[in-house]
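1. Below is the sequence, then the predicted model.
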Amino acid sequence: MQEVDMPKAVMQERHEIVVIGAGPAGAIAAALLQRRGHQVTIFERQRFPRFSIGESLLAHCLEFVEEAGMMDAVRAAGFQEKNGAAFACGDRYSAFDFRDKFSPGPGTTFQVLRSHFDQVLADEAARQGVRIHYEHEVVAANFDGAEPWLEVRDVSAGADAAPRRIGTRFVLDASGYGRVLARLLDLERPTKLPPRRAIFTHIEDHITSTDFDRSKILISVHPEHEDVWFWTIPFSNGRCSLGVVGAAEKINADADLMATLRHWVDGAPNLRKLLGNAVWDTPANTIGGYAASVQSLHGRGWALLGNAAEFLDPVFSSGVTIAMHSSKLATECLHRQLSGETVDWEADFSVPLMHGVNCFRTYVQGWYEGSFRDVVFFEKAQPQIRAMISSILAGYAWDENNPFVAEHERRLRMLAEVCRGMSSRAAAAGDGAAAKAPHTPQALQALQAAAVTEPAAN
């Protein structure tokens, strides 16, 4: 196991369960375990509140917030309610309402300042008995002995402070982009997703357009660079989060970040008009190379949650939902294991978690390749199909009753072909009459077959 040179560890302690990181994955996991009678300690490297991106939540994650006993506090926090996602490119516009979805579960969620949201969750975990040590960094880990141990350094005590050696029965790594165990145990592997970069800021938006729906995230596509897109996430205080995402070679992080962001926004007419009165009062920031993967999600005495293991892309705001779903699966396995059961972590944690992650991955790749954009902007999709797509956008990427989840690659490919074919026929009509006309029975049948009629492949 890899260790870090440091002063000799002192002050041996023991905690039943250690969680690394007090973000959403860590706070939810800790609370779920605490509520089942376990004693949980969180070590968090930073002092809360602290800034984080990932501000537009999906509806599915509120099921875990509710189960962790935190829903009342989240509702009381005054966050902007969110009921869907809107997409724009030039004159094209399409909105999906999460309340009109195929899967059971909540149909609304929130758009949040993560500094506030994460603090609410961490405070609720602490209120339930979870011990949280802020400004404590895990600098070494060992899982070779009878029980795991970590070495934890008090960041506030200075670089020369000796770390404490912490014994524990199990470690859940919810360190997010810090990826503590992935680094210490040499678990990282290259991701198959190409490197992308985001530049982002918060603005006082002064949006007056009655066409703008503050209860939806707005995802805008650059009209000339279709692999470049923007997020606009309205908050309840008249401000919004704004970012641009594109290939690393296109989004220049070496230049002035705010100037680069504004340059890209000015190239998107819908955003240039929408944000014409905005006050750009917060310095821009950047993050790149964020897509990540690991060799294994678990091992003897440890498991990885959320971004500490897998992160795809911000386009569909799946990060927090994947993180909380992983917390739910891991805590179920860990509770059973600590209760004396033999647990197959691969079958009960990794495989079901990756079902949803891989479903999201298909739609992320389809977005950048264009197939899912064709589906999103197709104007005449049947309501049943839109409901199935809305479910995925709402976070229900584990609902195997949804054909676009159960066979996500094949169903998306088929539906995109139908959408492209009908759009081509509409364009060939010249005057747009075909685009406005009702679907032919043959086209309706093709769409229906792509979604539900054609039997699943063996």
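-> Alright, I've got the coordinates.

2. Centre of the chain to stretch 364-372, how far?
-> With Cα atoms, centre = their mean, to the nearest Å as the basis, stretch 364-372 stands 17 Å off its chain's centre.

3. meant to ask about stretch 176-188
-> For stretch 176-188, the distance to the chain centre is 18 Å (Cα atoms, centre = their mean).

4. ok, residues contacting that stretch?
-> Residues outside stretch 176-188 that contact it (Cβ atoms under 8 Å, 6 or more residues apart in numbering) are 1-4, 20-21, 23, 25, 45, 52, 138, 140-141, 143, 171, 173, 175, 287, 290, 292-296, 299, 302, 304, 306-309, 311, 323. No exception for glycine: its C-beta is placed from N, CA and C like everyone else's.

5. Then stretch 367-375?
-> Stretch 367-375 is contacted by residues 89, 221, 226-227, 229, 315-316, 363, 366, 381, 389, 412-413, 415-416, 419-420, 423 when judged by Cβ under 8 Å, 6+ apart.

6. hmm, try it at 7 Å
-> Outside stretch 367-375, the residues that touch it by Cβ atoms under 7 Å, 6 or more residues apart in numbering are 221, 226-227, 315, 363, 366, 389, 412-413, 415-416, 419-420.

7. And for stretch 31-38?
-> Contacts of stretch 31-38 (Cβ under 7 Å, 6+ apart): 16-17, 40, 67-70, 124-125, 128-130, 327-328, 331, 334-335, 338.

8. hmm, which helix or strand of this structure has the shakiest average pLDDT?
-> helix 433-436 (a mean of 46; mean pLDDT, DSSP states H and E).

9. follow-up on the earlier one: buried subset of the contacts of stretch 367-375 as a ChimeraX selection?
-> Buried members of those can be picked out in ChimeraX with the line below, counting by 16 or more other Cβ atoms under 10 Å:
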select :221,227,315,363,366,389,412,415,416,419
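
10. Would you mind listing the residues in contact with Val120?
-> Contacts of Val120 (Cβ under 7 Å, 6+ apart): 73-74, 77.

11. Ranking by neighbours, what's the top pick from the residues you listed?
-> Among the contacts of Val120, Val74 has the most neighbours (other Cβ atoms under 10 Å), with 21 neighbours.

12. Next up, phi/psi of the closest residue to Trp229 other than its chain neighbours, please.
-> Nearest in space to Trp229, with sequence neighbours left out and distances taken as Cβ to Cβ, 6 or more residues apart in numbering, is Val221 at 5.2 Å. Main-chain dihedrals, Val221, degrees, to the nearest 10: phi -100, psi 130.

13. Distance-wise, check the residue nearest to Asn307 when sequence neighbours are not counted relative to Pro190.
-> Nearest in space to Asn307, with sequence neighbours left out and distances taken as Cβ to Cβ, 6+ apart, is Gly176 at 4.4 Å. Applying Cβ to Cβ, to the nearest Å, the value for Gly176 to Pro190 is 19 Å.

14. where exactly do the helices run in the stretch 201-350 of the chain?
-> Secondary structure of the stretch 201-350 of the chain (DSSP state H, counting those that start in this stretch): helices located at 257-266, 269-274, 319-338, 345.

15. so of those, which one's packed in deepest?
-> Highest mean neighbour count of these: helix 319-338, a mean of 24 (counted as mean count of other Cβ atoms under 10 Å).

16. Perfect, that will be all.
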